[in-house]
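Trainee: What shape does this take:
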Amino acid sequence: DRIDLLQIHGDSFKPEQTDDILSSGGMAEQMLRLKEEGLVGHIGFTSEDNNDAVYRLIRSGAFDTVQLCYNFIFQHPYEPSRPFGSLLEAEKAGMGILTMRTPTSGTFQRWIQMVNPGNTFDYTPALIQFVLSNPYVDVALMGMRDAEIVRSNVNICNDFEGRISLDELHSRYV
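Mentor: Here you go, the predicted structure:
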């Protein structure tokens, strides 16, 4: 009877696009109207960036969720030693935080194969655990092509012992 989450999907928003989204009669206003009518439960946006457009969309107060690219390689939305990043701003705004590319979309694995071609270790569980270790992440999206991968991902998510302290990982040594 309704859509639980309706998102504007974009890899990068230019200033003019953000102006249009937030303008009177723009996409955000139309989405809010759908939410008020009960046709949509929550509204959000996605972005690969950590740029001004993302911060403007977060600060607008129009959106319930944000979906960001965040993982072991792409940590730009979360810099805990400063603290800085769109992930932290979304948390302050009370938004639901979804991450995309949780296991790096294969980028980390390809890099390991390039620098260590004989390596056969499966880094996927560790990469997923890294994202799940972030207390601000509400949903970590993962691709699942078959039932075995679904079972494996469920087991990883249920393995709370596999979580790490990001504060310890990011601590600086003097």
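Trainee: Which positions in the strand ranked longest in the chain come out as buried?
Mentor: In terms of residue count, the longest strand belonging to the chain (DSSP state E) is strand 40-47. Neighbour-count burial for strand 40-47, counted by 16 or more other CB atoms under 10 Å, picks out 40, 42-47. Just so you know, the C-beta spots here come from the backbone N, C-alpha and C atoms, and that holds for glycine as well.
Trainee: Same check on stretch 46-59?
Mentor: By neighbour count on 16+ other CB under 10 Å, the buried set for stretch 46-59 is 46-51, 53-55, 57-58.
Trainee: possible to save the buried residues of strand 40-47 as a markdown table with distance to Leu169 and pLDDT?
Mentor: Output for the buried residues of strand 40-47, formatted as a markdown table (distance: CB to CB, whole Å; pLDDT from 0 to 100):
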| residue | distance to Leu169 | pLDDT |
| --- | --- | --- |
| Val40 | 37 | 97 |
| His42 | 31 | 98 |
| Ile43 | 33 | 98 |
| Gly44 | 28 | 97 |
| Phe45 | 28 | 97 |
| Thr46 | 26 | 96 |
| Ser47 | 25 | 94 |
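Trainee: Okay, and which of the buried residues of stretch 46-59 map to strands?
Mentor: 46-47.
Trainee: Could you look up the SS state of Ile97?
Mentor: Secondary structure for Ile97, judged by DSSP: H, G, I helix; E, B strand; the rest coil, is strand.
Trainee: ok, of the buried residues of strand 40-47, which one's closest to Ile8?
Mentor: Among the buried residues of strand 40-47, Phe45 lies closest to Ile8 (CB to CB), at 4.4 Å.
Trainee: Next one: the closest one relative to Ile128, how far apart?
Mentor: 24 Å (CB to CB, to the nearest Å).
Trainee: now do Leu169
Mentor: Taking CB to CB, one finds Leu169 at 15 Å from Ile128.
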